[in-house]
Every structure is written in C-alpha cells, then in structure tokens.
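Asker: Show me how the following folds:
(chains A, B, C and D)
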2 protein chains.
Amino acid sequence: MLQQRSKDTKETIRLNALRLFAKSGYSAVSMRDIANAVGIQPGAIYNHFPSKQDILVDLMMTHMVDLLAAANNAMDGVEGTRNRLVAFARFHISYQLDFPDHVFIAYMELRSLEETGRQDVYVKRDEYEAILREVLEQGVKEGTFKVANAAVQTRALLAMMTGITVWFREDGELNRDQVIDCYVQAVLQSVGIQE
Amino acid sequence: MLQQRSKDTKETIRLNALRLFAKSGYSAVSMRDIANAVGIQPGAIYNHFPSKQDILVDLMMTHMVDLLAAANNAMDGVEGTRNRLVAFARFHISYQLDFPDHVFIAYMELRSLEETGRQDVYVKRDEYEAILREVLEQGVKEGTFKVANAAVQTRALLAMMTGITVWFREDGELNRDQVIDCYVQAVLQSVGIQE
DNA sequence: GCTTATTACGAATGGGCGTTCATTTATTGA
DNA sequence: TCAATAAATGAACGCCCATTCGTAATAAGC
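Answerer: The predicted model follows:
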C-alpha cells in the first residue's frame, strides 16, 4: 500500500515534525517518530527532505519569513507611535497564540541549528526586533514614551509578550481578548503611558 | 588509573551535566558526553546517580529549592509594596544572571521530566510565582499599582525578566547594573508607577 | 595492617539512531 | 497506451544510546 501525492506528503511531514519538535524538542524526536506520525516508512522522508536538519531549517525559515511579512502587513499604514506600539503588541501576541508551535521552535531550537541555518534565522530575527525598536526609538524622540534604553526595552517587551504561550489556554479563566488587553495595558504602561 | 573522592565526583557530574544540558538540551546530551567532560567512564556515573533522568531531577529540584530560599531571604523584612516589587525584581534578575544555566534548564527541560519529578517542580514554581503575585495583589488593593489582572501581570513580568539571559553579556554595551535599572524601571512603569 | 565498603574501569547488553538503497508501485505527460 | 518520473517499501548500514556487571583498585574504619 503506497501513498500518492508528494506535495501532500511533504506538507504532512512538515506539520508533524513541527508538532513533535515543539512538544519534545528536536533531538528527542527521531525520523522514525516523524514517519510514524505521517504514516510512512522512515526512508520515504528522504524523498522530500535531504536530512532531519533540513526539516528544522525549513520550518524555522518559513516561520521567520511569514512572521516578518505578517508583521509588516499589520503595521502598514498605522500612524502615530502609540498606535504603532499597540498595533505591534496586538499583532505579536495574536501571532504567538495562533502559531504557538512555530514560535516555540523558532525560539528554542536555534541551538539545534547548524551554523549556516542559524545565521539566516538571526538575520530575520534582528529584522523583526527592529520593527519594535524603531517604534520605541521614535516614541522616545518625540517624548511620547519614557524608556531608559530602547534596545533593552525591545527585548524586555518581546520576552514578556512571547511568554504568553507558556501558560495561556483557550479554555482558561480569561479569554483571548481579555488577556491581550492585559498585555497591551502592561506594554503601554511599561513605556510610561497612562491610560 | 582511578579517581578517588566520591563526593567531588558527584558534584563534578552535576556541574558538567548542568552545563551540557543548558547548552545542548537534555536529550542531545549523552551519558558518554557527561562522563567525558568529568573524565570518567560512562558506567562510573551510575555509582552516583541511578539514571540520566535522576541527574536532571536532582539539578532542577536543587535549583528550585535554592531559588525559593534565596527569594524569601531577599524579600524578608522589606516593607511597602513598591519596595517589595523592586526588591523582587532586583533579586530575580540578579539570580538569572548569576545562575543562567540553572534557570534555563528549569524552564526548558520541564518537558524532559517524567511525571513524578515534574509535579514536584510545578509545586515549587507556583510557590515562587506566588511571591510576586501577592505583592501585585497587595499593590492593587492599596491602589498603589494599576494592574488589570495580577495573575496575568505576574507571568508577564516573570517572562520579561527571565528573558534577560537570552541576550545579556557581561562584556556588552551596558553593564549589569545599568541593565537591571532599565528592567526595574520597566517593571515599575508596567504596574502604573511613574518615577 | 587488614578488612570492608566505595568507586572506578572496561567490556558487553539490546535497542534505537540517521541514513542509504535496491526494488516496487503509482502517477504524469506525450 | 506506455515510457518516464515520482514516491513509496522494507531491509540493511554502521554508529551511538542508556544501562549493567564482573573485576580491580582505592579509601576508611578497626
């Protein structure tokens, strides 16, 4: 009994590898685990990816490219530093909640990447951080924000917002919008803006 | 050629396992890697720890117990919610910077723990979170802090402060105290306090 | 100094790892 | 319709895994 369409299989491999890597970590997941989840033999994966490492690189780079494009899209046309900060915060948190596995492995499995892939990911991550940093720098220049150091604040805020996936559950006490509002308020206040 | 003192060997195993787990992740590190770093044969580790899993449990529980004791000690006798918030923030950040490997594996390798050990760690972590949460709740009750939801804010602030280890380097542009001040200001402002 | 408990070595266990490959089967394009 | 291509099987490769164990060497207690 054989499978048929290559494109479907490749995407299924991606989906399952992502899920497994996010749950157990890259090195704890074997090609046999992935093949098992997909429903094929381990060797068949090599028809679609040259190696296990290439699956990880594919997942991380795809994620970073998508994330950047979505962020730029979300910020496009938003005027005013306060509005731009809120737009970025809402976008970032929503994206974390929509794609927790992507976000998690992009953060966690950097150390599992070999040198080549890692550099590419770093470049994209810096590009992403720069979006927020520029908003903060602009706000400081205008006097809208009160921030000691924009670069430090950028990393502090990203860590804060990214951490949401660790504990948030869709069926928890607070729903998604309520939690996002909490975070947005915290972000705004942290740069010295009172509601 | 044999080693001699058991107690030293056990501690050396702990140190090296911690460092290796933090760098590469629990499942990417083999008993051979650890033995190699210690300078003994793999089998000799089993004179000190019954299994690889037990090394991880030992490291994580020791860390959590130490962290809690140090936190309670740092907060002891500090009066006033604002002061207590600052004390906690300074303690937490300093501890991250002093013991980045401990902190990192306690956060990252929860998923590598089998059920028994994981529950024990969760209990300790909740206990730790409660210290900050109670400060925030007290501040809200008094009207000192402006926070939408103390539990959410607790996790947001912990994530923010814990994230410092990802990027901070002792030989970077800002020194430790300057960075801590940035974070403390961000923490204070995030709960609605202007300097 | 001798006995006993520790602690190390070093070889071996069975099993899982990433990857390769000859082969078979299904799909595609002329 | 039929050759060519794509994608699967299933067995095998050598290597590394966590762990075990018989044995030897060291340290501790009398």
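
Asker: So which elements touch the longest helix along chain A?
Answerer: Longest helix in chain A, counting residues (DSSP state H): helix A:115-142. Packing partners of helix A:115-142 (3 or more Cβ pairs under 8 Å, 6 or more residues apart in numbering or on different chains; DSSP states H and E): helix A:52-75, helix A:81-98, helix A:150-162. Any C-beta I mention is one placed from the backbone N, CA and C, and that applies to glycine too.

Asker: Measure how far it is from the centre of its chain, please.
Answerer: 13 Å (Cα atoms, centre = their mean, to the nearest Å).

Asker: Return the residues in contact with the spatially most central residue of chain A.
Answerer: Note on chain A: the residue nearest the mean C-alpha position is A:Val103, at 3.0 Å, using Cα atoms, centre = their mean. Residues near A:Val103 by Cβ atoms under 8 Å, 6 or more residues apart in numbering or on different chains: A:63, A:95-96, A:162, A:165.

Asker: 6 Å instead?
Answerer: A:Gln96 (Cβ atoms under 6 Å, 6 or more residues apart in numbering or on different chains).

Asker: just to confirm, which helix or strand has it in it?
Answerer: Assigned by DSSP states H and E, A:Val103 belongs to helix A:100-108.

Asker: Would you mind checking the average pLDDT for that helix?
Answerer: Mean pLDDT, computed over helix A:100-108, is 95.

Asker: A:Thr165 contacts A:Ser94, doesn't it?
Answerer: No - here A:Thr165 lies out of contact with A:Ser94, judged by Cβ atoms under 6 Å, at a distance of 11.5 Å.

Asker: which bits of chain A sit near chain B?
Answerer: Residues of chain A lying close to chain B by Cβ under 6 Å from any Cβ of the partner chain are A:25, A:27-28, A:148-149, A:152, A:155-156, A:159-160, A:163, A:167, A:182, A:185-186, A:189-190, A:192.

Asker: can we see that at 7 Å?
Answerer: By Cβ under 7 Å from any Cβ of the partner chain, the part of chain A that sits against chain B consists of A:24-25, A:27-28, A:108, A:111, A:146, A:148-149, A:152-153, A:155-156, A:159-160, A:163, A:167, A:174, A:179, A:181-183, A:185-186, A:189-192, A:194.

Asker: Buried members of these into PyMOL, please.
Answerer: To isolate the buried members of these in PyMOL, using 16 or more other Cβ atoms under 10 Å in any protein chain shown:
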select buried, chain A and resi 25+27+28+148+149+152+153+155+156+159+160+163+167+174+179+182+183+185+186+189+190+191+192
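
Asker: got the contact list for A:Arg125?
Answerer: By Cβ atoms under 7 Å, 6 or more residues apart in numbering or on different chains, the residues touching A:Arg125 are A:Met64.

Asker: swap the cut-off to 8 Å and go again
Answerer: A:Arg125 sits in contact with A:64, A:106, where contact means Cβ under 8 Å, 6+ apart.

Asker: Great, nothing more from me.
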